[in-house]
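S.K.: A structural model of the following input is requested.
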Amino acid sequence: MGPTEDSHEGELLLSRLSESTKAISELCDCRNVFKKMYGNLVRRAKLLSPLFEELRDSDEGLDDDVVKAFESLRLGLDSATELLNSVNGGSKLYLALQREKIAQKFHLVTEQIEAALSEIHYDKLNLSEEVREQIELVHAQFQRAKGRIDTLDFQLDIDLATAQKEKEPDPAVLKRLSEKLHLKTINDIKKESLAFHEMVISSNGDPGDCFEKMSSLFKKIKDWVQTENPQVDTSEGEKGLIKHRSPVIPDDFRCPISLELMKDPVIVSTGQTYERSCIQKWLDAGHKTCPKTQQTLLHTALTPNYVLKSLIALWCESNGVELPKKQANCRSKKSGGGSVSDCDPAAIDALLEKLANGNTEQQRAAAGELRLLAKRNADNRVCIAEAGAIPLLVELLSSPDPRTQEHAVTALLNLSINESNKGTIVNAGAIPDIVDVLKNGSMEARENAAATLFSLSVIDENKVAIGAAGAIPALITLLCEGTPRGKKDAATAIFNLSIYQGNKARAVKAGIVTPLMRLLKDAGGGMVDEALAILAILASHPEGKTAIGQAEPIPVLVEVIRTGSPRNRENSAAVLWSLCTGDFMQLKLSKELGAEEALKELSENGTDRAKRKAGNILELLNRIEEGATVNT
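M.R.: Take a look at the predicted model:
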């Protein structure tokens, strides 16, 4: 009777797990401030379903340890379902005001599921390699998510407080609240009003202070939505109101030399960013060091920081600050000047016509215009994609004109910021062409191709396709040859791709360990963090461990454990733990180089993961001592 009952219990448990993931996958989209957290949890939970389906299809029973782990996982998925249902309904305004508590619940559910996945011994399960790799990927995602609490939107906090406090809040504040709370249309307002009334009724007629605040805030947002068309840009009157404010400039947007808002930010060889004119004056005066870090500059090349420039432009736009001159001129061109205004379908169609049928110059200009539009805001990215631009831009990746190719790949990079556009780009067959640009394009095109591959690789199935298309050797070349920004783009893409086990082997075979060790030893190069992060992920692969072990890494790893940043000490300990496990020579060398003292300090003062790794290595070092004592 026993085995039959156990096997029936296992089948029942797998059925319930399968039903849980199916129920989660069928939940409707979330349209409130928790859209991102909700979407991430749904996506990760959905990816677990092949595990239960494959085990249900096999005839093998589950042993007691696996059943116990799966029971914990079932409880975690039940908690997730309950949380997701509670978040995707009710008052959007109430959810926004309670977001810190709810964000904590998302974190706790993530920890619960990750803990359950950690208890599962995959070697005891009859799984295909493909499913096992997928589940390991999902587990890695839950581990990463567990290690970081999602940062809340600080601007939203300010806007909510401002709108509550002020009798007539700035229209720009109400516009942002309308967009972020997804209360954009009259229909949205009606639904929110119903949800609000249901809350009042369920409180037995005693709504309390919270409801009073919500009521006042809701009325202000409702009045704004009813009197404004949320689809059009801010009116001239509102722009005037915005301009009278003096917003605080974020520190990252100020030049460290002038302390003014940067208009043309550039990166120097240490990885620091400055206003071009300020750092140029510094260099022209004969200085050979980085003003902020005092490190010697390896070279005096200045690399444009396009990402920061774009962020500054967005910040200026949303705060009514005058944009840097070049961008302001671009925007001031109206219909007669050849520049397209935001979300103008007819103008976008005209650009697509030039992409499809124009001569080289027209294609180049049209691709450049789409690149700028896609960079500007989220609405443009949706409009451009819906107009059918993506397949045409993918075709232009093969253009013989380098500048057109550069515009096309950068336009795709900007469009890929939108989650749904990622799938459209991949379905248009872009990956092999982007890899070709990465191999053969201009330096700027290669860097933006690397950034595009990173953006697309956020979706797990794309990691496999990008690796198979030969991207990794080309990214390693860029890691060696690129500007500081290009090296960072290449490193980020390699790290993300290497989460997939098969790509770890590809990276090792392509010779990544040598350049990583070079970057790790070059403290002034600004790439130590990235090099260590990649080494830590490769060290978990047998081929990666072997290749790293042959590169004489122990001295530099011990030095980082002794003097590095908390994250770098953690990653160094992870690499050292992997190298020393089952390798007496590496362990002995670590001891000879004084690792023990550094690891003891790390086991007391490091991050949680660093403490665990340091403790594990110290145990191995103690065994050496015990062995030596016995031999004596």
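
S.K.: Distance check, Ala387 against Ser398.
M.R.: Note on Ala387: its distance to Ser398, by CB to CB, to the nearest Å, is 21 Å. Every residue, glycine included, has its C-beta placed from N, CA and C.

S.K.: Phe495 too?
M.R.: In terms of CB to CB, Phe495 sits 28 Å off from Ser398.

S.K.: quick one: which of those two has more around it?
M.R.: Neighbours were counted for Phe495 and for Ser398 using other CB atoms under 10 Å; Phe495 has more, 19 against 13.

S.K.: Just give me the residue right at the centre of the chain.
M.R.: Residue closest to the average C-alpha location in the chain (CA atoms, centre = their mean): Val458, at 7.2 Å.

S.K.: contacting residues around that residue?
M.R.: 422, 496 (CB atoms under 8 Å, 6 or more residues apart in numbering).

S.K.: now Met214
M.R.: Contact analysis of Met214 by CB under 8 Å, 6+ apart lists 91, 93-94, 97, 196.

S.K.: which of the residues you listed sit farthest apart?
M.R.: Leu97 and Phe196 (12.2 Å; CB to CB).

S.K.: Point out where the stretch 51-200 of the chain drops to low pLDDT.
M.R.: 59-60, 149-152, 196-200 (pLDDT under 70).

S.K.: residue boundaries of the helices in it?
M.R.: 64-87, 92-97, 99-119, 129-146, 154-165, 171-180, 186-202 (DSSP state H, counting those that start in this stretch).

S.K.: Can you lay out these as a markdown table showing distance to Ser540?
M.R.: What follows is the helices of the stretch 51-200 of the chain, written out as a markdown table (distance: least, CB to CB, whole Å):
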| stretch | distance to Ser540 |
| --- | --- |
| helix 64-87 | 21 |
| helix 92-97 | 38 |
| helix 99-119 | 15 |
| helix 129-146 | 10 |
| helix 154-165 | 35 |
| helix 171-180 | 39 |
| helix 186-202 | 46 |
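
S.K.: what kind of secondary structure is the residue lying closest to Gln405 once chain neighbours are set aside in?
M.R.: Computed as CB to CB, 6 or more residues apart in numbering, the closest residue to Gln405 that is not its neighbour in sequence is Ser399, at 4.9 Å. For Ser399, the secondary structure call by DSSP: H, G, I helix; E, B strand; the rest coil comes out as coil.

S.K.: before we move on, what about Val266?
M.R.: Under three-state DSSP, Val266 comes out as strand.

S.K.: any idea how far the closest residue to it other than its chain neighbours lies from Leu311?
M.R.: Once flanking residues are discounted, Val266 sits nearest to Leu302: 4.0 Å by CB to CB, 6+ apart. Distance, Leu302 to Leu311, using CB to CB: 19 Å.

S.K.: now do Lys488
M.R.: To Leu311, Lys488 is 15 Å away according to CB to CB.

S.K.: repeat for Arg56
M.R.: Look at Arg56 and Leu311: by CB to CB, they are 48 Å apart.

S.K.: residues touching Ala163, list them.
M.R.: Per CB under 8 Å, 6+ apart, neighbours of Ala163: 169, 173-174, 177, 217, 220-221.

S.K.: Ala531 and Ala523 touch, don't they?
M.R.: No - assessed by CB atoms under 8 Å, Ala531 is found out of contact with Ala523, at 10.8 Å.

S.K.: roughly how far apart are Val131 and Glu71?
M.R.: According to CB to CB, Val131 stands 20 Å off from Glu71.

S.K.: what do you get for Val508?
M.R.: For Val508 relative to Glu71 (CB to CB), the value is 38 Å.

S.K.: And these two? Which one has more around it.
M.R.: Neighbours were tallied for Val508 and for Glu71 using other CB under 10 Å; the higher tally belongs to Val508 (21 against 16).

S.K.: now the more buried one: how far from Glu136?
M.R.: According to CB to CB, Val508 and Glu136 sit 18 Å apart.

S.K.: go on, Val437?
M.R.: 31 Å.

S.K.: which stretches of this protein have low pLDDT?
M.R.: 1-9, 59-60, 149-152, 196-212, 229-247, 307, 317-320, 323-343, 625-632.

S.K.: domain ranges for this structure?
M.R.: Following the TED database, one finds the domains of the chain at 5-145, 154-228, 253-319, 344-428.

S.K.: how about the helices in the stretch 201-350 of the chain?
M.R.: 208-227, 236-243, 276-284, 306-319, 325-332, 345-357.

S.K.: Neighbour count: Lys488 and Leu311, which is higher?
M.R.: Ranked by neighbour count (other CB under 10 Å), Lys488 and Leu311 place Lys488 first, with 22 against 15.

S.K.: And for Leu355, nearest residue in space, chain neighbours not counted?
M.R.: Counting by CB to CB, 6+ apart, Leu355 lies nearest to Leu392, which is 4.3 Å off, once chain neighbours are set aside.

S.K.: Which element, helix or strand, includes the one you found?
M.R.: Element membership for Leu392 (DSSP states H and E) is helix 389-396.

S.K.: Give the other helices and strands that that helix contacts.
M.R.: helix 345-357, helix 360-376, helix 402-415, helix 419-427, helix 430-440 (3 or more CB pairs under 8 Å, 6 or more residues apart in numbering; DSSP states H and E).

S.K.: what does the last one contact?
M.R.: By CB under 8 Å, 6+ apart, the surrounding residues in contact with helix 430-440 are 390, 394, 397-398, 405, 409, 412, 445-446, 449-450, 452-453, 456, 462, 465-466, 469-471, 474-475, 477-478.

S.K.: got it, and the third one?
M.R.: With CB under 8 Å, 6+ apart as the test, helix 402-415 has contacts from 360, 363-364, 367-368, 370-371, 374-375, 381, 384-385, 389-390, 393-394, 396-399, 421, 425, 430, 434, 437, 441-442, 444-445, 448-449, 451-452, 455.

S.K.: Show me which parts of that helix are buried, residue by residue.
M.R.: 403-415 (16 or more other CB atoms under 10 Å).

S.K.: Among those residues, which pair sits farthest apart?
M.R.: Within the buried residues of helix 402-415, two members stand farthest from each other by CB to CB: Arg403 and Leu415, at 18.6 Å.

S.K.: circling back: and among the helices and strands packed on helix 389-396, the most buried is which?
M.R.: Burial of those is given as mean neighbour count (mean count of other CB atoms under 10 Å); helix 402-415 ranks first at a mean of 26.

S.K.: now that helix and helix 419-427, what's the angle there?
M.R.: Taking axes from the mean of the first three to the mean of the last three CA atoms, to 10 degrees, one finds helix 402-415 and helix 419-427 inclined to each other by 140 degrees.

S.K.: Could you say which of the domains of the chain is packed most deeply?
M.R.: Among those, domain 344-428 has the highest mean neighbour count (mean count of other CB under 10 Å), at a mean of 20.

S.K.: so how far is the first residue of it from its last?
M.R.: 24 Å (CA to CA, to the nearest Å).

S.K.: excluding its backbone neighbours, what's nearest Tyr401?
M.R.: Wrong residue type there; residue 401 is Asp, not Tyr. Nearest to Asp401 is Thr360, by CB to CB, 6+ apart, at 5.3 Å.

S.K.: now Ile554
M.R.: Nearest one to Ile554, counting by CB to CB, 6+ apart, is Leu589 at 4.9 Å.

S.K.: neighbours of that neighbour, just the number please.
M.R.: Considering only other CB under 10 Å, Leu589 is surrounded by 17 other residues.

S.K.: Can you tell me the element it falls in?
M.R.: Following DSSP H and E, the helix or strand that holds Leu589 is helix 584-592.
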